[in-house]
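Q: The following comprises the amino acid sequence and a computationally predicted model.
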Amino acid sequence: MAFLEIRNLEKSFGKVSVLKGIDLEIDKGGFLVLVGPSGCGKSTLLNSIAGLETITGGSISIDGRGIDGLHPSKRDIAMVFQSYALYPNMTVAQNIAFGMEIRGVPKAVRDKAIGQVSDMLQIGHLLDRRPSQLSGGQRQRVAIGRALVRDPKLFLFDEPLSNLDAKLRVDMRTEIKRLHQRMGTTIVYVTHDQIEAMTLATKIAVLKDGLLQQSGTPAEIYNNPANTFVADFMGSPAMNLVPVAVHKNGSGVAISAERDNLEPLVLTVPNAPAGLAGHDGGKVIFGVRPEALTDRDSADRNARNIAEGECLIEVVEPAGSDTFAVTRLGGKQVTARLRADANVAAGQKAKLAFNLDKAVFFDPASGQRIG
Ligand SMILES: Nc1ncnc2c1ncn2[C@@H]1O[C@H](COP(=O)(O)OP(=O)(O)OP(=O)(O)O)[C@@H](O)[C@H]1O
């Protein structure tokens, strides 16, 4: 049995159904990241676990024990909010120790716990300050410290980094990952930042409109997205999604993408998924990530199935470590990720290499991946 189990969870606000039968679990010591666009129900799901929202249907259990009817304070969960929610009139040390004080933990034990977490979070020199005298990153560390000293069964983080500037966000992300590795705690973490999700999670759950689209390891979600929504949402730049026609071709399958003022680009797919042949004569969506669409020099040397095609480059975007080249296929803008020194120019043709080992295909009507 998983440590946290969510079964057929439903939540409505009046007539509005916000969570529509969520099934999800995470093992002890796992790091579950809930990700999805604004309004998809991430915070409502987190608040339901915390007990800050009363669920409409389904069940939640931690360590084999149903928690649906329990008051938030009895769930043994600590939550870190985006807004930090520190007490402004208390010092950092008092903020961290407040929960313990209320529970009657002796001062010597409290002081020891404050010392341990402040060392870990490098806030020992700030213990006498008030929140107004701290930077955003320091406040966030205090909020995390306050959660850590409780030593709960489960940590919930609701977009804890979204008030921080870009650089600090990346630093704190590493800090949170390090804490998780060191302490082996079980975490459920909400973000709408897909890079944060990829880097932190042992398991990602992608939500849209109150429905779970897919859950799996970051690699599963990235390499084998269940549908076009997940494919488009995870990854930056996003996966290229190109409408193509399908033709059976001897023992294999060929796909062709329309182009303005050029012959269609035809690629033979030797390793096509079994379901693709069933679309013979019809259209599917061909998904290829920018890094699987390169020039020959940059192409993955281990790739077994590479198909090359001449493409007209519309825009070249140098990005320091890579160069992005934009072309157009099937009426869609398509991004290739080339080496920084790639020899391409806007308005000229370039031979692009498609790594078909990494290609995925989707049904155009349902958006579901073709297996
Ligand atoms: N108390 C409430 N009453 C009515 N509707 C609500 C309430 N709280 C949330 N909702 C609605 O539920 C949906 C999901 O909200 P939720 O805050 O869970 O989304 P989210 O994915 O966390 O979004 P964001 O990334 O913007 O925080 C939204 O459409 C929201 O308007």
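A: Received, thanks. Numbers count the residues shown, from 1 in each chain.

Q: what's the nearest residue to residue 352 if we skip its chain neighbours?
A: Nearest-residue entry for residue 352: residue 311, 4.9 Å, with adjacent residues in sequence omitted and distances by Cβ to Cβ, 6 or more residues apart in numbering. No exception for glycine: its C-beta is placed from N, CA and C like everyone else's.

Q: The strand or helix carrying residue 242 - contacts with which helices or strands?
A: For residue 242, the host element (DSSP states H and E) is strand 240-249. If you count contacts as 3 or more Cβ pairs under 8 Å, 6 or more residues apart in numbering; DSSP states H and E, strand 240-249 packs onto helix 228-233, strand 252-259, strand 283-288, strand 332-339.

Q: How far off centre is that strand?
A: Centroid separation for strand 240-249 versus its chain: 28 Å, with Cα atoms, centre = their mean, to the nearest Å.

Q: And stretch 26-46, by the same measure?
A: Per Cα atoms, centre = their mean, the centroid offset for stretch 26-46 relative to its chain is 9 Å.

Q: is it anywhere near the ligand?
A: Yes: contact of stretch 26-46 with the ligand (Cβ under 6 Å from any ligand atom) involves 36, 38-44.

Q: Select from those residues the one having the most neighbours.
A: In terms of neighbours by other Cβ atoms under 10 Å, the residues of stretch 26-46 next to the ligand top out with residue 36 at 26 neighbours.

Q: Just the helices from the stretch 51-200 of the chain, written as ranges.
A: Secondary structure of the stretch 51-200 of the chain (DSSP state H, counting those that start in this stretch): helices at 92-102, 107-120, 136-148, 166-183, 194-200.

Q: ok, and what's touching the fourth one?
A: Around helix 166-183, the neighbours that count as contacts under Cβ atoms under 8 Å, 6 or more residues apart in numbering are 31, 120-121, 136-137, 140-141, 144, 148, 157, 160-161, 164, 185, 187, 196, 199-200.

Q: Apply 6 Å and report the result again.
A: Contact partners of helix 166-183, identified using Cβ atoms under 6 Å, 6 or more residues apart in numbering, comprise 31, 137, 161, 200.

Q: repeat for stretch 21-31
A: Outside stretch 21-31, the residues within contact range by Cβ under 6 Å, 6+ apart are 2-10, 32, 180, 184, 186-187, 200-203, 205, 212, 215.

Q: Could you check how far the closest residue to residue 79 other than its chain neighbours is from the ligand?
A: Distance criterion Cβ to Cβ, 6+ apart; nearest residue to residue 79, sequence neighbours excluded, is residue 156 at 4.4 Å. As judged by Cβ to the nearest ligand atom, to the nearest Å, residue 156 and the ligand stand 12 Å apart.

Q: count of residues packed around residue 156?
A: Neighbours around residue 156, by other Cβ under 10 Å: 25.

Q: Tell me which residues touch residue 34, please.
A: Per Cβ under 6 Å, 6+ apart, neighbours of residue 34: 42, 190, 205.

Q: could I get those residues as TSV with distance to residue 292 and pLDDT?
A: Output for these, formatted as TSV (distance: Cβ to Cβ, whole Å; pLDDT from 0 to 100):
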residue	distance to residue 292	pLDDT
42	29	95
190	30	96
205	25	98
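
Q: So which of those residues belong to strands?
A: 190, 205 (DSSP state E).

Q: Reformat the contacts of residue 34 as CSV; add distance to residue 262.
A: Formatted as CSV, the contacts of residue 34 follow (distance: Cβ to Cβ, whole Å):
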residue, distance to residue 262
42, 43
190, 45
205, 41
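
Q: Of the contacts of stretch 21-31, just the buried ones, ChimeraX syntax please.
A: In ChimeraX, this line selects whichever of these come out buried by 16 or more other Cβ atoms under 10 Å:
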select :2,3,4,5,6,9,10,32,180,186,187,200,201,202,203,205,212,215
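
Q: Sitting in helices, which of the contacts of stretch 21-31 do you find?
A: Among the contacts of stretch 21-31, DSSP state H puts 180, 200 in helices.

Q: Can you tell me which of the contacts of stretch 21-31 end up in strands?
A: Reading strands off the contacts of stretch 21-31 with DSSP E, I get 4-10, 32, 187, 203, 205, 212, 215.

Q: out of those, what pair is the most spread apart?
A: Within these, two members stand farthest from each other by Cβ to Cβ: 10 and 187, at 24.0 Å.

Q: Around the ligand, which positions in the stretch 1-150 of the chain sit nearby?
A: Counting by Cβ under 6 Å from any ligand atom, the residues of the stretch 1-150 of the chain that sit close to the ligand are 13, 16, 18, 36, 38-44.

Q: Next, format those residues as JSON lines and append secondary structure and distance to residue 65.
A: What follows is those, written out as JSON lines (DSSP: H, G, I helix; E, B strand; the rest coil; distance: Cβ to Cβ, whole Å):
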{"residue": "13", "secondary structure": "strand", "distance to residue 65": "27"}
{"residue": "16", "secondary structure": "strand", "distance to residue 65": "30"}
{"residue": "18", "secondary structure": "strand", "distance to residue 65": "25"}
{"residue": "36", "secondary structure": "coil", "distance to residue 65": "28"}
{"residue": "38", "secondary structure": "coil", "distance to residue 65": "33"}
{"residue": "39", "secondary structure": "coil", "distance to residue 65": "31"}
{"residue": "40", "secondary structure": "coil", "distance to residue 65": "28"}
{"residue": "41", "secondary structure": "coil", "distance to residue 65": "24"}
{"residue": "42", "secondary structure": "helix", "distance to residue 65": "24"}
{"residue": "43", "secondary structure": "helix", "distance to residue 65": "24"}
{"residue": "44", "secondary structure": "helix", "distance to residue 65": "22"}
